[in-house]
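1. No letters, just coordinates:
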């Protein structure tokens, strides 16, 4: 083998290794947080809305910057932007680990999300640059496996670290990994840029960020500040103005817009995006609130909560591994309908649980949601790159991922706000709530954040009654929020049935992750618009 061939092989290997490690870190930092939230609440004296932003700040920035990050990398160099994203993600992780207030933690998570958006957008482009034909499909299969393992292992890793060295280490563990990867990326990756002018819609990016951020802020502040307070009215105004700007720039820029309007004329692509948004608006509140329920009501430690989420994570991992093959044999409409139905069905099964039950009463719900999530993630990836011409596969995948992250952010905000509202309402109506009088609202808000014991200690004479009423209010709020989630998932299932069809797939798309032109001659697709495999 010549020196040139050896160098090329080494570059491909390092590109795959670094991309997979980054993918693992990015998804892990979304799934690992869930079991640590109660510990964060105690450590930082945080409210429920502040805890939600630990998720939302990451998801909002990731959703808003994902498509634009890929375009910036095409213009300024994918290796350069990848290293920049890695540095931002590492710095954000360090800031999260040393944060001494909920506000600083939320801001640090937003910085993490910026780095994550860059890495999530550029990683697949680097793989597309280095691999061809079947080797590319195998590389993306490894990339997809890294994300699946991270999603499955997150709660267990989070529980282990939180019960051991502390919740800060779920972020600090990224720092040495990031510092080791930066010099490797600088020396081992090959630089590349797009031929021609890259797609950049700064107005669209800013307006999408403002739209999501203002909506989430208004929703999370609705309970404590009032739904039509001066602050919330301002957020509604910003959201409306941002939506107008986003629609206007999208129409005026057309093919150079953040969201190309012509792509949404395909009913299946539109259906995929909407169903993805809705199913995540159910699924992630399920994980967030179930984890809180396990620890706050059923008395699980963070480690025990991670163990008890294994029915979900293992099922999700197994179904994710086999769904790629199912995509070749079962219509996408059926798969997406089943996925949405399972996520909604699992959320519905939580209504059968009670605060007096053992945690095993949640196993059916965890397994069913795991089946749904295990199906929906590979189906989203496969369908997004199969429904439009291969030259737009990378853009389509990025847009569908944006809808996924938007669903996570909005779902957690809406589900969390509704949960908090119901807990406050039910606790205020209870015997101890009426006894507390004017303090019942603030006590109910603390109960929704899991601080039941702390609330009971504020009135020692009512301690046992407060604990009983708080547990009942928390459970009722959990059930009500899950009922709302069922409605979102059911709407997603309906959208899948009505809009999604294999008849809308592009004739040149292949469901095994290899476009025909790649299989035939090993050539690459148009530079700057990489094909993202259905294996992701």
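-> Perfect, I can see it now. In this text, all values refer to a predicted model and were calculated from it rather than measured experimentally.

2. Would you tell me what helix or strand the residue lying closest to residue 405 once chain neighbours are set aside is located in?
-> Nearest non-adjacent residue to residue 405, counting by CB to CB, 6 or more residues apart in numbering: residue 63, 3.3 Å away. (C-beta placed from N, C-alpha, C; glycine too.) When elements are assigned from DSSP states H and E, residue 63 belongs to helix 48-76.

3. again with residue 155
-> Element membership for residue 155 (DSSP H and E) is helix 133-163.

4. Give me the mean pLDDT for the next helix or strand after that helix.
-> Note on helix 133-163: by DSSP H and E, the next helix or strand toward the C-terminus is helix 169-172. Helix 169-172 shows a mean pLDDT of 92.

5. which non-adjacent residue is nearest residue 174?
-> The nearest residue in space to residue 174 (CB to CB, 6+ apart) is residue 93, at 3.8 Å.

6. returning to what we had before: tell me the mean pLDDT for the helix holding residue 155?
-> 74.

7. In the stretch 351-500 of the chain, what residue spans correspond to helices?
-> Applying DSSP state H, counting those that start in this stretch to the stretch 351-500 of the chain gives helices spanning 363-384, 393-429, 431-436, 440-448, 452-456, 463-499.

8. Out of those helices, which is closest to residue 216?
-> helix 393-429 (4.4 Å; CB to CB).

9. could you give the angle of the closest one to helix 463-499?
-> 150 degrees (axes from the mean of the first three to the mean of the last three CA atoms, to 10 degrees).

10. what residues are up against the residue nearest to residue 405?
-> 117, 208, 212, 401-406, 408-409 (CB atoms under 8 Å, 6 or more residues apart in numbering).

11. Look up which helix or strand the nearest residue to residue 53 once chain neighbours are set aside falls in, please.
-> Closest residue to residue 53 apart from its sequence neighbours, by CB to CB, 6+ apart: residue 106 at 4.1 Å. Following DSSP H and E, one finds residue 106 within helix 102-130.

12. pLDDT of that helix, averaged?
-> The model assigns helix 102-130 a mean pLDDT of 85.

13. elements contacting that helix?
-> helix 3-31, helix 37-44, helix 48-76, helix 78-98, helix 133-163, helix 393-429 (3 or more CB pairs under 8 Å, 6 or more residues apart in numbering; DSSP states H and E).

14. how about a cut-off of 10 Å?
-> helix 3-31, helix 37-44, helix 48-76, helix 78-98, helix 133-163, helix 169-172, helix 174-188, helix 393-429 (3 or more CB pairs under 10 Å, 6 or more residues apart in numbering; DSSP states H and E).

15. For that helix, could you pull out the residues that count as buried?
-> The neighbour-count check on helix 102-130 (16 or more other CB atoms under 10 Å) flags 102, 105-130 as buried.

16. Likewise for stretch 179-193?
-> 181-182, 185, 188-189, 192-193.

17. Would you mind listing the residues in contact with the residue nearest to residue 451 when sequence neighbours are not counted?
-> Spatial nearest neighbour of residue 451, excluding adjacent residues (CB to CB, 6+ apart): residue 41 at 6.7 Å. Residue 41 makes contacts with 47-48, 50-51, 54, 102, 167, 292, 295-296, 446, 449-451, 454, as judged by CB atoms under 10 Å, 6 or more residues apart in numbering.

18. Please report which of those residues has the highest neighbour count.
-> Neighbour tally across the contacts of residue 41 (other CB atoms under 10 Å): the maximum, 28 neighbours, falls on residue 51.

19. Tell me the spacing between the spatially closest residue to that residue that is not a sequence neighbour and residue 251.
-> Of all residues not flanking residue 51 in the chain, residue 37 sits nearest, at 5.1 Å (CB to CB, 6+ apart). Using CB to CB, to the nearest Å, residue 37 is found at 41 Å from residue 251.

20. higher neighbour count, the two?
-> residue 37 (26 against 10).

21. between the helices of the stretch 351-500 of the chain, which one is nearest to residue 237?
-> The nearest among the helices of the stretch 351-500 of the chain, by CB to CB, is helix 393-429 at 17.8 Å.

22. What is that closest one packed up against?
-> helix 48-76, helix 102-130, helix 202-225, helix 267-296, helix 363-384, helix 431-436, helix 440-448, helix 463-499.

23. what would these look like in a markdown table with distance to residue 150?
-> What follows is the helices and strands packed on helix 393-429, written out as a markdown table (distance: least, CB to CB, whole Å):
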| stretch | distance to residue 150 |
| --- | --- |
| helix 48-76 | 14 |
| helix 102-130 | 12 |
| helix 202-225 | 23 |
| helix 267-296 | 14 |
| helix 363-384 | 12 |
| helix 431-436 | 41 |
| helix 440-448 | 29 |
| helix 463-499 | 23 |
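
24. And those helices: which comes nearest residue 142?
-> Nearest to residue 142, of all those, is helix 102-130, at 9.0 Å by CB to CB.

25. Direction-wise, compare that closest one with helix 78-98 and give the angle.
-> Computed by the same axes, to 10 degrees, the angle between helix 102-130 and helix 78-98 is 160 degrees.

26. Run the angle between helix 102-130 and helix 202-225 for me.
-> Going by the same axes, to 10 degrees, helix 102-130 makes 150 degrees with helix 202-225.

27. going forward, begin numbering at 864 instead of 1
-> Okay, residue one is now 864; in that scheme the one you just asked about reads as helix 965-993.

28. Just give me how far helix 965-993 sits from the chain centre.
-> In terms of CA atoms, centre = their mean, to the nearest Å, the centre of helix 965-993 is set 12 Å apart from its chain centre.

29. Go through the helix holding residue 926 and flag the buried ones.
-> 911-938.

30. Which parts of the protein belong to which domain?
-> Domains of the chain are assigned by automatic domain parsing as 870-1056, 1065-1120, 1127-1280+1349-1367.

31. Just tell me which of those ends up closest to residue 1304.
-> domain 1065-1120 (9.1 Å).

32. How far away from the center of its chain is that closest one?
-> 20 Å.

33. again, but for stretch 1179-1191
-> 19 Å.

34. Angles on the backbone of residue 1321, please.
-> phi -70, psi -20 (degrees, to the nearest 10).

35. Any stretches of the stretch 1164-1313 of the chain with poor pLDDT?
-> Along the stretch 1164-1313 of the chain, the model assigns pLDDT under 70 to residues 1248, 1253-1257.

36. Can you give me the distance of the residue lying closest to residue 1017 once chain neighbours are set aside to residue 985?
-> Excluding the flanking residues, the one nearest residue 1017 by CB to CB, 6+ apart is residue 894, at 2.7 Å. Distance of residue 894 to residue 985, given as CB to CB: 21 Å.

37. Format the buried residues of stretch 1042-1056 as TSV; extra columns: pLDDT and distance to residue 1016.
-> Output for the buried residues of stretch 1042-1056, formatted as TSV (pLDDT from 0 to 100; distance: CB to CB, whole Å):
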residue	pLDDT	distance to residue 1016
1044	94	19
1045	94	24
1048	91	24
1051	88	26
1052	87	26
1055	75	32
1056	70	35
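
38. Widest-spaced pair of those residues?
-> Checking the buried residues of stretch 1042-1056 with CB to CB, the most distant pair is 1044 and 1056, at 21.7 Å.

39. related to what we said a few turns ago, which of the helices of the stretch 1214-1363 of the chain sits closest to residue 1134?
-> Across the helices of the stretch 1214-1363 of the chain, residue 1134 has its closest neighbour in helix 1326-1362 (2.8 Å, CB to CB).
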